[in-house]
Structure formats: C-alpha cells, structure tokens
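Q: Got a predicted structure plus its sequence, pasted below:
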Amino acid sequence: MGEFRLSYTTRALVALALALGLGSGSPLRSGPRSDGAEVLAGSPRVIDGDTIAIGETRVRLEGIDAPEAVQTCGLREGGTWACGAAATRALSDRIGGKAVSCVPRGRDRYGRTLAVCYADGRDINAWMVRQGHAWAFVRYSRSYVSEEAAAKADGLGIWQGQAMPAWEFRAKRWAEREAPPNSSPQTPESCAIKGNVTSNGRIYHMPWSPWYAQIRMAPDKGKRWFCTEAEAIAAGFRPVAAR
C-alpha cells in the first residue's frame, strides 16, 4: 500500500467529477480539465482499504495508508481486532456498489494512479481517515492531518488502542518474510514477492498478503519470485484482491 507521489494539485477539484454521468462497466473519462488532467470514473472493485480498481486501472487513494488486509490492531480494553479486514470492508461499504469519480494526482512507482476519489459528493480518502480506518500518509501528503487528529481524539478505529502504522507493519513483514533461495535474508531487494499461477490467472502476493505463507513456490509451474511490484506487473501478474 506504499505510494510515491509525483505531482500535487489542490483538493478543490471535485466539481467536474460530480457533474459526470457515471455508469458501470468500463471506466468513463471526462474531457480534459483546464489543467490538462482527466477525471477517472466508473464502478470500482475494492482491492484493500486504500486501493480500488476501475476497469483495468488500479487507483491508490492518495494521502492515506490503511492497515494491510492481514493486520491486527489493539483494542481499548485489551486484545486485538482485524483492523485490516475492517478497513477493506469499510471502503467497500462506503462505496456500496456506486460509481465513483477519481481526480488523478500523478502515479506512484508501480504505475498506479494516485487520486482523490469521491462517492455521493464526498471525499472517500478523507472519510477513511476520519472514521479511523486509515492513517494520514504524511510522508507524501498532509491533506488529511486534520481528519486524523479528529479520529484520534474520538478514539475511532485504529485509534482505540495500540496500532502499528501500515508503513511500519510492511517494513516488519519484509524483515520476517520467507526468503527465497540465494537471496539476502533481511532486505526487500531479496525478491520476496511471490508470483502465483492459478485458475484465476497470474497473481502476485506481497509478504503481508493473507495467503502469502500458503503459496509454495514451484518454478516449473510458472510461479516466480519478484523483487518489486513493478517487475511483477511487467511480467503480466496482477495484485491479489482482499476478500
């Protein structure tokens, strides 16, 4: 769920998105805005708490970082809860099968479109942070700092107890992953992304995927190790979607 922000525009770019006639199926695009960008619109498929897909376009919700699907967070009274699965479910429920409008803000290093997305005229990115289902990803953007502060003050979601930020969780999982043969045991550069071949196509799994440990690598069956998501995508593999 990491992002690499390449461009920035203001948050007040929703007017044209709301004026679109939205449908289902393939993504619909408006004409270019005055700044030359386009609004991506359509009925999305939720991949995880901060990523959706509209048609073949993978969209990363800019400025936020939701818990990974397999991640758990602390409860106020002790114990843990499945905050990652809850974030995915919350995003899915918030969209509720509706079409969305996404205002692009560049691309990340994996080729995903970074965007602020809207449903029913409301900023979905902001809603996820305000409800405590995501952190403001201040490494790349300070757009949602106020929403995070409000969620924290109210003790919502990830703020009801101890919770490791998603970016720290990913770094920890890299260090604890199952290292492939002939690789350095402690660095992401050891190519720990698993490319699996299934009846549903070629799918890659990051070390924090819920199914990562279940995949047994068999190169003779087309399964491959990858060093980066970009490498996996270039080879024709797609990211696994959370359930």
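A: Nice, thanks for sending it over. Not measured: the values here are computed from a predicted model.
Q: Name the single longest helix found in this protein.
A: helix 83-95 (DSSP state H).
Q: Pairing partners for the helix or strand just after that helix, with directions?
A: Where DSSP states H and E defines the elements, the next helix or strand beyond helix 83-95 is strand 100-107. Using DSSP bridges, strand 100-107 pairs in its sheet with strand 40-42 (antiparallel), strand 113-119 (antiparallel).
Q: Any buried residues in the first one, and which?
A: Okay, so that is strand 40-42. Under the neighbour-count criterion of 16 or more other CB atoms under 10 Å, strand 40-42 has 40-42 buried. For the C-beta atoms, the positions are set from N, CA and C on the backbone; glycine is no exception.
Q: can I get the residues you listed in CSV with pLDDT and distance to Arg94?
A: Shown next, in CSV, are the buried residues of strand 40-42 (pLDDT from 0 to 100; distance: CB to CB, whole Å):
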residue, pLDDT, distance to Arg94
Leu40, 93, 18
Ala41, 94, 16
Gly42, 96, 16
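Q: Phe169: which of those is nearest?
A: Leu40 (28.5 Å; CB to CB).
Q: Run through the bridge partners of the nearest residue to the closest one once chain neighbours are set aside.
A: Excluding its sequence neighbours, the residue lying closest to Leu40 (CB to CB, 6 or more residues apart in numbering) is Cys102, at 4.5 Å. Here Cys102 sits in beta bridges with Leu40, Cys117, as judged by DSSP bridges.
Q: Surely Cys102 touches Thr51?
A: No - counting by CB atoms under 8 Å, Cys102 stays clear of Thr51, with 11.6 Å between them.
Q: Can you check which residues contact both of those two?
A: Val59 (CB atoms under 8 Å, 6 or more residues apart in numbering).
Q: Next one: Trp127 from Arg94, what distance?
A: Distance, Trp127 to Arg94, by CB to CB, to the nearest Å: 6 Å.
Q: what's across from the residue nearest to Trp211 when sequence neighbours are not counted in the sheet?
A: In space, and not counting its chain neighbours, Trp211 is closest to His205: 6.0 Å by CB to CB, 6+ apart. Taking DSSP bridges as the rule, His205 bridges to Lys194.
Q: lowest confidence element among the helices and strands of this protein?
A: Counting by mean pLDDT, DSSP states H and E, the chain has its least confident helix or strand at strand 28-29, which shows a mean of 37.
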